[in-house]
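> predicted coordinates and the sequence they were generated for:
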Amino acid sequence: MNNKCGLYIHIPFCLNKCPYCDFYSVKYDRDIAENYVSRLTAEFEKYKSAEFDTVYFGGGTPSILEPDLIGKIFEAIHKNFSIDNNSEITIECNPGKDLSKDFKQYHSFGINRISLGMQSAVKEERLALGRRASKEDVAKAIYNAESAGITNISLDLMLGTPKQTLEGLDETFDFIAEMDVTHISAYILKIEPNTPFYKLQDKLSLPDEDTVSDMYLKTVERLAALGLEQYEISNFAKPGFESRHNVKYWELVPYLGIGASAHSFWNGRRFYYDKDFNIIDDGEGGGIDEQIMLGLRLKKGIKKSLIKRDITPYIKAGFMEEIGESVSFTPKGFLVSNTIIANITD
């Protein structure tokens, strides 16, 4: 499934910055975007002839680029790299933009997977997150993507957000059921430094920790009932629609990230681009601790032989489970996985 490497392209432009986001992005300007695409594609030559079977456009908001600029990126990709005919090619999109014409061009470029920023189907919750697109906008984007021939569609969902309630999640799950998408990414809100939410956190109407835990467990249960099985701590898919690109990160398959703030695991080393396109070395990657930390994000877990500490207490407490020679977290265990991983890797 993951024999070849993954290619990540970072597009650091947004119409407006969401108050919870700490990813690198700047306000969109066509001239700045054209210059960025030129710098981005010039970097491709450093890795000429590399082979990939997944390509992922992340951001920022990649769909804010006019399709002709995305086309230029694809032209440079095919000029410099070998892209497998059966590749998974994803682009993140903001449903607040009318993408009906864009999707048709995306399909012509070979894009076959869309990740839509929904966050919630509840109006009050979306507005509290600074998301302007309506539930109807999300539905329209899904319809337009499918009409253009792109049927592998993922929706982003956020948990533990301002004004969110356990009961209110039902509206979101009902909407997901109606849309019948292939994939859901469900992230618990983390208040990051240098974001507006960090400065406002004492004033935000946030659910308490126990409620957020209940939201997560409810999400696992409700999505499973819709045929969207959990395969990673924050990701759920219909069988065969797991994100092939993201699984590479957790299985330590090499991936190349190009663009401002993009990270790579390439030739056994980790490095990233800063906002000025300087490459910053981040040391060796792929060691035992990384194998444990990243592998345990996956529902299938890792080989027990990788862990040298006694994990019996976590199994007895229902946080972990053994299946044959493997060990993995339960949904309850995923909620405290960072603490457990720190205890078994230090």
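Good, I have the coordinates. Numbering: from 1, shown residues only.

> let me see the contact set for Cys18.
Counting by C-beta atoms under 8 Å, 6 or more residues apart in numbering, Cys18 makes contact with Leu129, Gly130, Arg131. Backbone N, C-alpha and C define where each C-beta goes, glycine included.

> again, but for Phe109
Listed by C-beta under 8 Å, 6+ apart, the contact set of Phe109 reads Ile70, Gly71, Phe74, Ile89.

> can you tell me, leaving aside adjacent residues, what's nearest to the third one?
Excluding the flanking residues, the one nearest Phe74 by C-beta to C-beta, 6 or more residues apart in numbering is Phe109, at 4.7 Å.

> so which of the contacts of Phe109 sit within strands?
For the contacts of Phe109, the ones inside strands are Ile89, with DSSP state E as the criterion.

> surely Asp174 is in a helix?
Yes. Note on Asp174: a helix contains this position according to DSSP: H, G, I helix; E, B strand; the rest coil.

> roughly how far apart are the nearest residue to it once chain neighbours are set aside and Glu229?
Of all residues not flanking Asp174 in the chain, Ala121 sits nearest, at 7.5 Å (C-beta to C-beta, 6+ apart). In this structure, Ala121 lies at 21 Å from Glu229, with C-beta to C-beta, to the nearest Å as the measure.

> who has more neighbours out of the two?
Ranked by neighbour count (other C-beta atoms under 10 Å), Ala121 and Glu229 place Ala121 first, with 24 against 16.

> give the contact list for the more buried one.
Ala121 is in contact with Lys135, Val138, Glu171, Thr172, Asp174, Phe175, Ile176, counting by C-beta under 8 Å, 6+ apart.

> now pLDDT, distance to Ser305 and neighbour count too, for those residues, in TSV please.
TSV is the format used below for the contacts of Ala121 (pLDDT from 0 to 100; distance: C-beta to C-beta, whole Å; neighbours: other C-beta atoms under 10 Å):
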residue	pLDDT	distance to Ser305	neighbour count
Lys135	93	47	19
Val138	96	44	24
Glu171	96	45	15
Thr172	97	40	25
Asp174	97	44	12
Phe175	97	43	18
Ile176	98	38	20
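
> could the residues you listed go into TSV alongside distance to Leu40?
Written out in TSV, the entries for the contacts of Ala121 read as follows (distance: C-beta to C-beta, whole Å):
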residue	distance to Leu40
Lys135	34
Val138	29
Glu171	39
Thr172	35
Asp174	40
Phe175	35
Ile176	34
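
> hmm, which of the contacts of Cys18 are the buried ones?
Leu129, Arg131 (16 or more other C-beta atoms under 10 Å).

> so which of the contacts of Cys18 comes closest to Ala186?
In terms of C-beta to C-beta, no member of those lies closer to Ala186 than Leu129, at 14.1 Å.

> sec struct for the residue lying closest to Ile258 once chain neighbours are set aside, please.
Leaving out its chain neighbours, the residue that sits closest to Ile258 by C-beta to C-beta, 6+ apart is Glu43, at 5.1 Å. Three-state secondary structure (criterion: three-state DSSP) places Glu43 in helix.

> what's the distance between Glu43 and Asp274?
Per C-beta to C-beta, Glu43 is found 13 Å from Asp274.

> look at those two and report which has more neighbours.
More neighbours sit around Glu43 than around the other of Glu43 and Asp274, counting by other C-beta under 10 Å; the figures are 17 against 11.

> list the contacts for that one?
Shown in contact with Glu43 (C-beta under 8 Å, 6+ apart): Ile258, Gly259, Tyr273, Phe277.

> would you mark the buried spots in the helix or strand bottoming out on mean pLDDT in the chain?
Scoring the helices and strands of the chain by mean pLDDT, DSSP states H and E places helix 196-200 at the bottom, with a mean of 74. By neighbour count on 16+ other C-beta under 10 Å, the buried set for helix 196-200 is Phe197.

> try stretch 132-147
Ala133, Lys135, Asp137, Val138, Ala139, Lys140, Ala141, Ile142, Asn144, Ala145, Glu146.

> quick check: the closest residue to the second one other than its chain neighbours vs Cys18, distance?
Looking back up the chat, that one is Lys135. Sequence neighbours aside, Ala121 is the residue nearest to Lys135 in space, at 5.0 Å (criterion: C-beta to C-beta, 6+ apart). Relative to Cys18, Ala121 is positioned 17 Å away (criterion: C-beta to C-beta).

> same question, Gln164
Separation of Gln164 from Cys18 (C-beta to C-beta) stands at 15 Å.

> kindly report the same for Lys299.
When C-beta to C-beta is applied, the distance between Lys299 and Cys18 equals 28 Å.

> what's the answer for Glu43, then?
As judged by C-beta to C-beta, Glu43 and Cys18 stand 27 Å apart.

> how about low-confidence regions in the stretch 201-346 of the chain?
Under the criterion pLDDT under 70, no range of the stretch 201-346 of the chain is flagged.

> at 90 instead, please
Confidence mapping of the stretch 201-346 of the chain against pLDDT under 90 gives the ranges 201-207, 346.

> many thanks, we can stop here.
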